[in-house]
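Peer 1: predicted coordinates and the sequence they were generated for:
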Amino acid sequence: MDLADTIKDENEASNQDRAKAMICLRHHLDESLKMEYLTVKDPLMLWNNLKDRDDHLKMVVLPQASFDWIHLRLQDVKSIRVYNSAMFKIISQLKLCGENITDHDMLEKTFSTFHPRVCSCSSNTEK
C-alpha cells in the first residue's frame, strides 16, 4: 500500500496516508491490543509501542525458552508424545525470539537425551 514512510521517524507523510496506515495497522491487531492502543492516533507511535512490547516479550521469553531447551530430556518424560509437545512448544518460543532450531538440532537433542540403557543396546549385540 506504499505506507511504509508513515512509520519512520521524522516522516512527512500526508494525513490521508497516516489515516490509511492506522486503519491497516489496527485491522491486523488482536482485539485486546486494539482496545489497549485505542487512544493512539499516530501510526509511528503505534508501531513503536508495538515494537517495544514485542522486544519486551522476547526479553522475557528467550531466557526461559533457552533454559527449557537446555534441560529438555527425553528420559524425563513419560511418552514420546509428551516430549514432542514440549519440544515444539519450546521451539515455537525460540523462533518467536529469532532463534533458529533446525531438524538436525531436534534430532541431536532427542538422541543425546535417550536413557543410557536404550543407547547401550548396540554394545550388547557385540558380546
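Peer 2: Received it, and whenever you're ready, just let me know what you need.

Peer 1: at the geometric centre of this protein, which residue do we find?
Peer 2: Leu96 (1.3 Å; CA atoms, centre = their mean).

Peer 1: got the contact list for that one?
Peer 2: Neighbouring residues of Leu96 by CB atoms under 8 Å, 6 or more residues apart in numbering: 57-58, 61. C-beta coordinates here come from the backbone N, C-alpha and C atoms, glycine included.

Peer 1: among the residues you listed, which ones are in strands?
Peer 2: Using DSSP state E, the subset of those located in strands is empty.

Peer 1: let me have the residues you listed in TSV, extended by distance to His28 and pLDDT.
Peer 2: Below are those laid out as TSV (distance: CB to CB, whole Å; pLDDT from 0 to 100):
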residue	distance to His28	pLDDT
Leu57	17	85
Lys58	19	87
Val61	21	93
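
Peer 1: got a list of contacts for stretch 66-84?
Peer 2: With CB under 8 Å, 6+ apart as the criterion, stretch 66-84 contacts 86-87, 90-91, 93-94, 99, 101, 109-110, 113-115.

Peer 1: what about dumping the CA coordinates of that stretch to CSV?
Peer 2: Only the C-alpha atoms of stretch 66-84 are listed here, as CSV (Å, rounded to 0.1, in the frame of the first residue of the first chain):
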residue,chain,number,x,y,z
SER,A,66,16.6,-21.3,26.2
PHE,A,67,16.7,-22.8,29.7
ASP,A,68,13.8,-25.2,28.9
TRP,A,69,15.7,-26.3,25.7
ILE,A,70,18.9,-27.0,27.5
HIS,A,71,17.1,-29.0,30.2
LEU,A,72,14.7,-30.9,27.9
ARG,A,73,15.5,-34.6,28.1
LEU,A,74,13.6,-37.5,26.6
GLN,A,75,14.3,-39.7,29.6
ASP,A,76,12.5,-37.2,31.9
VAL,A,77,9.1,-37.6,30.3
LYS,A,78,6.6,-40.4,30.2
SER,A,79,6.0,-40.7,26.4
ILE,A,80,7.3,-39.5,23.1
ARG,A,81,4.0,-37.6,22.6
VAL,A,82,4.7,-35.5,25.7
TYR,A,83,8.3,-35.0,24.7
ASN,A,84,7.4,-33.8,21.2
